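> mind folding the following:
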Amino acid sequence: MTTERVTERSDGVTSERTVERDHGTTVVERRGGGMGGIVALVLLVAAIAIAAMFFMNMNRQNAIETAAVADAAESVSGAADSVADAARQAVPAG
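Residues are numbered from 1 along each chain as shown. Now for the predicted structure:
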């Protein structure tokens, strides 16, 4: 006849069941934690936050670039007006 001794213990997070048989076989079953799920959730939230910051920064850089191009175009327009005025003054009317 086979004799088995079963020991079960739990610390609230991990549960362990140990089965010892008289012919020397020991089986240990462990179930645990929930901590891996929490860590994965924290990493997921951090990745989403980093991606959001990246896209917001990219949008801000596009706005700055657009403003710089508009300022440069306005400057070129002003320079063209100045050249036109100088040409009118250099050529006598009439």
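> quick one: strands adjacent to the helix or strand of the chain with the lowest mean pLDDT?
The weakest-scoring helix or strand in the chain, judged by mean pLDDT, DSSP states H and E, is strand 26-31 (a mean of 71). When pairing is defined by DSSP bridges, strand 26-31 lines up against strand 15-21 (antiparallel).
> list the contacts for the residue lying closest to Ser15 once chain neighbours are set aside?
In space, and not counting its chain neighbours, Ser15 is closest to Arg31: 5.0 Å by C-beta to C-beta, 6 or more residues apart in numbering. No exception for glycine: its C-beta is placed from N, CA and C like everyone else's. For Arg31, the contact set (C-beta atoms under 8 Å, 6 or more residues apart in numbering) comprises 14-16.
> list only buried entries from the residues you listed.
Buried by 16 or more other C-beta atoms under 10 Å: nothing, out of those.
> quick one: which of those is nearest Glu4?
Of all those, Glu16 has the smallest distance to Glu4: 16.1 Å, by C-beta to C-beta.
> quick one: that closest one and Val28 touch, right?
Yes. Counting by C-beta atoms under 8 Å, Val28 is a contact partner of Glu16 at 6.7 Å.
> and whichever strand or helix holds Arg5, how far out from the chain's middle?
Following DSSP states H and E, one finds Arg5 within strand 4-10. Taking C-alpha atoms, centre = their mean, to the nearest Å, one finds strand 4-10 lying 44 Å from the centre of the chain it belongs to.
> just the buried residues of it, please?
So, applying 16+ other C-beta under 10 Å, strand 4-10 has no buried residues.
> and it, what does it pack onto?
Helices and strands in packing contact with strand 4-10 are listed as strand 15-21; criterion 3 or more C-beta pairs under 8 Å, 6 or more residues apart in numbering; DSSP states H and E.
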